[in-house]
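Asker: Pasted the sequence and its predicted model underneath.
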Amino acid sequence: DAGVTQSPTHLIKTRGQQVTLRCSPKSGHDTVSWYQQALGQGPQFIFQYYEEEERQRGNFPDRFSGHQFPNYSSELNVNALLLGDSALYLCASSLSRGRGETQYFGPGTRLLVL
Amino acid sequence: DAKTTQPNSMESNEEEPVHLPCNHSTISGTDYIHWYRQLPSQGPEYVIHGLTSNVNNRMASLAIAEDRKSSTLILHRATLRDAAVYYCILTLMRNTPLVFGKGTRLSVIA
């Protein structure tokens, strides 16, 4: 089992640019959540996707958008990058059916905005 | 969301037990207590969760106070690999977003 995978591992962008991060969930999982982790802080919830729809959203601006594909993989898009968007972006997958209580996290994508 | 309070940091000797406390005085009757940990340069990793009764798994034990206002994560024999930030999180079940605080940074001394 490959677990949750994310790409790329690292990324450098400049202010105003756009970025797309990718996530493949753990095998059999159908729900994907995205989190942002600033240096020295705990992760903050951005949004969650299930059945290709955004199901829940945290306190993040519209510049942050996402997508889920029929194979349950997901993308996180950030437009008009700001210096403050520099962070570790984490993807977590889980199962909607059954108890579904455990979220499995990927290793993250570290984004640096210059 | 109900809040949790954890010490910023703790230190333990290798092969000694570690008790990581968490206060959650505003917990509701339907909140589960989850623990995740984050090793350096990795994403968070599920450790254990419980509702009312104490729980054990291969990684740790979770002791929950009778009034549920506090809990303790117990690592029975700390190893160097257990050095991480440990997060105590309250959540409803079924894919509720996790609300992370700053957690407790555990250092393990050889």
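Answerer: Arrived safely, thanks for sending.

Asker: Quick one: residues contacting the spatially most central residue of chain B.
Answerer: Nearest residue to the geometric centre of chain B (CA atoms, centre = their mean): residue B:35, 3.6 Å. Residues near residue B:35 by CB atoms under 8 Å, 6 or more residues apart in numbering or on different chains: B:20, B:22, B:46-49, B:60, B:62, B:73, B:86-89. No exception for glycine: its C-beta is placed from N, CA and C like everyone else's.

Asker: From residue A:62, how far off is the residue nearest the centre of chain A?
Answerer: Closest to where the C-alpha atoms of chain A average out (CA atoms, centre = their mean) is residue A:34, at 3.1 Å. From residue A:34 across to residue A:62, the span is 15 Å (CB to CB, to the nearest Å).

Asker: picking that back up, could you list which of the contacts of residue B:35 also contact chain A?
Answerer: For chain A, the contacts drawn from those by CB under 8 Å from any CB of the partner chain are B:46, B:49, B:87.

Asker: From the residues you listed, pick the one nearest residue B:79.
Answerer: For the ones next to chain A among the contacts of residue B:35, the residue nearest residue B:79 by CB to CB is residue B:46; the value is 18.2 Å.

Asker: Any idea how many residues pack against the closest one?
Answerer: Residue B:46 has 19 neighbours, counted by other CB atoms under 10 Å in any protein chain shown.

Asker: helix, strand or coil for the closest residue to it other than its chain neighbours?
Answerer: Spatial nearest neighbour of residue B:46, excluding adjacent residues (CB to CB, 6 or more residues apart in numbering or on different chains): residue A:102 at 4.7 Å. Three-state assignment for residue A:102 (DSSP: H, G, I helix; E, B strand; the rest coil): coil.

Asker: hang on, residue A:102 packs against residue A:94?
Answerer: Yes. Judged on CB atoms under 8 Å, residue A:102 makes contact with residue A:94 at a distance of 6.5 Å.

Asker: Same drill for these two, tell me which one is more crowded.
Answerer: The neighbour count for residue A:102 versus residue A:94, taken as other CB under 10 Å, is higher for residue A:94 (23 against 16).

Asker: how close does that one get to chain B?
Answerer: Going from residue A:94 to chain B by CB to the nearest CB, to the nearest Å gives 5 Å.

Asker: can I assume that residue is in contact with residue A:31?
Answerer: Yes. Under the criterion of CB under 8 Å, residue A:94 makes contact with residue A:31 at 4.8 Å.

Asker: Next to chain B, which bits of chain A? Give me the list.
Answerer: So chain A meets chain B at A:4, A:31, A:33, A:35, A:40-45, A:48, A:50, A:55-56, A:58, A:90, A:92, A:94, A:96, A:99-108 (CB under 8 Å from any CB).

Asker: what helix or strand is residue A:90 on?
Answerer: According to DSSP states H and E, residue A:90 maps onto strand A:87-94.

Asker: Give me the neighbour count for the closest residue to residue B:69 other than its chain neighbours.
Answerer: Leaving aside its chain neighbours, residue B:69 sits nearest to residue B:25 (4.7 Å; criterion: CB to CB, 6+ apart). Residue B:25 is flanked by 12 other residues according to other CB under 10 Å.

Asker: What's opposite residue A:56 in the beta bridge?
Answerer: Taking DSSP bridges as the rule, residue A:56 bridges to residue A:48.

Asker: My error: substitute residue B:21 in the last question.
Answerer: According to DSSP bridges, beta-bridge pairing links residue B:21 with residue B:72.

Asker: Give me every residue in chain B lying close to chain A.
Answerer: So chain B meets chain A at B:32, B:34, B:41-46, B:49, B:85, B:87, B:93-95, B:97-103 (CB under 8 Å from any CB).
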